[in-house]
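K.L.:
I'd like to go over a predicted model; first the sequence, then the structure.
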Amino acid sequence: IMTGFSRRGFLTGAAVSTSAIALVGCNSDKSTPHAQAEEQPPLADATVAFDGPHQAGIDTPEQAHLNLVGFDLKEGIGKQGFARLMKLWTEDARALCTGQPPLGTLEPEMVRQPANLTITCGLGERIFSLLGVDKPEWLGDVRAYSRDQLDDKWGQTDIVLQICSDDPLMNTYALRHMVRSGEHYAEVNWLQQGFINAYGSHEKGATARNMFGQKDGTVNPRGDEQFADQVWIEDGPKWQQGGAAMVVRRIRMNLDTWEKLDRSSRENAVGRKLENGAPLTGDKEFDEADFKATDEYGLPVIDKNSHMARATAPKDHPEQKILRRPYNYELPPDDKDGQLSNIGQIFICYQQDPTKQFEPIQARLDEADLLNEWLTHIGSAMYFCPPGTKGSDGKETWWAESLCTHAGL
């Protein structure tokens, strides 16, 4: 393990003193009538535990705002540089997510409302080549699909940070700090920004909607047992255990033509009722679908090519389940393919092995999904998310520490 790590060569005692004085000065103002009148709401102070067996931001209920940022290591950065970056970023992320100013910050007042901030780190295939360590067998390019129209600007990167918060200002500040913090080691390749319902999944039983009006994530794993079966990697070398596989797909949605459909046609394409997400054969969102049910004309109530039917794990492959954590995006119209809107989804999913879970699901959707008429996949990437960190007993561990130890660092 590396020792004697100097956090930042450019950090001076004066900078630390300045931030400490600013923090004390701002905290000493709580006794004023004005401060008491403007007491912050509970959500602003809410935090998600940063340390634990798994990284936060995976099984965490979706926050309202997403900054998904892909980084490539700068030329000349080797094993030691990568390890320094992981130490640096982990230290800063831990502080930000717990509402504490990272070392040397000159804006301590900007981090006092974490609003459930989480920062999750994923590593691309090239990191393993850099470290000289065998990558997980599944890690690589997502398999190609016939309907893909992938754009290189939304492609694979060396590292990804998933930054989520219920406060947009906090989320943007966390992004800016992490970019600035790692600027000597990594540069931004792309940034994907997204949003969901303001309440996210914090309201008990709520499932966020996408821009088709569809509830998205109804069949997600729920409870420790299902997460253990579907998401967390528990086999293999120590550096994998507690981690997860992350797949990112950028999907453009043709709202211009979708919005011309009547409601029954939309529900038929999805396979669920738009009102509450229930299958067309049920009354409530989590009712089990009956794919054999027919109507008075003998036709299937749920079309066999509906999105729901094609995405459902077949009985002979129950392992084909994933954790969906999608976000909507909206950009200025670009008149691409005659579309007036530039709206879509940043589809993020987690699992143990994408080759056995995500890819077979996507293959069925690519082959025959009624929603394909309104969907175009334009970006694709895959990452290994290291296990969580520990911050107790005076020893703070960092992202990918056991991986770096395995690489001889």
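P.N.:
Right, received. Where do you want to start?
K.L.:
ok now do residue 220, which residues does it touch?
P.N.:
Residue 220 is in contact with 323, 324, counting by CB atoms under 8 Å, 6 or more residues apart in numbering. C-beta coordinates here come from the backbone N, C-alpha and C atoms, glycine included.
K.L.:
any idea which element it lies in?
P.N.:
Assigned by DSSP states H and E, residue 220 belongs to neither a helix nor a strand.
K.L.:
could you give the bridge partners of the residue nearest to residue 175 when sequence neighbours are not counted?
P.N.:
Nearest residue to residue 175, sequence neighbours excluded (CB to CB, 6 or more residues apart in numbering): residue 67, at 4.3 Å. Assessed by DSSP bridges, residue 67 has beta-bridge partners residue 163, residue 193.
K.L.:
what's near enough to touch residue 67?
P.N.:
By CB under 8 Å, 6+ apart, the contact set of residue 67 is 161, 163, 164, 171, 172, 174, 175, 191, 192, 193.
K.L.:
buried residues in stretch 135-142?
P.N.:
By 16 or more other CB atoms under 10 Å, the buried positions in stretch 135-142 come out as 135, 136, 138, 139, 142.
K.L.:
which one among the residues you listed gets closest to residue 353?
P.N.:
Residue 353 lies nearest to residue 138 out of these, by CB to CB, at 4.7 Å.
K.L.:
do you know how far that closest one is from residue 249?
P.N.:
16 Å (CB to CB, to the nearest Å).
K.L.:
cool, and residue 362?
P.N.:
Using CB to CB, one obtains 8 Å as the distance from residue 362 to residue 249.
K.L.:
now the common contact residues for those two.
P.N.:
residue 142.
K.L.:
got TSV for the contacts of residue 67, with pLDDT and distance to residue 384 too?
P.N.:
Converted to TSV, those look like this (pLDDT from 0 to 100; distance: CB to CB, whole Å):
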residue	pLDDT	distance to residue 384
161	99	14
163	98	18
164	98	19
171	98	24
172	98	27
174	98	22
175	98	22
191	98	21
192	98	19
193	98	23
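K.L.:
pull out the buried positions in the top helix by length along the chain.
P.N.:
Using DSSP state H, we find that the single longest helix of the chain is helix 79-97. Across helix 79-97, burial judged by 16+ other CB under 10 Å covers 79, 81-97.
K.L.:
same check, this time on stretch 255-263
P.N.:
Neighbour-count burial for stretch 255-263, with 16+ other CB under 10 Å as criterion, is recorded at 255, 258.
K.L.:
what does that stretch contact?
P.N.:
Outside stretch 255-263, the residues within contact range by CB under 8 Å, 6+ apart are 211, 212, 266, 269, 274, 339, 340, 341, 343, 373, 374.
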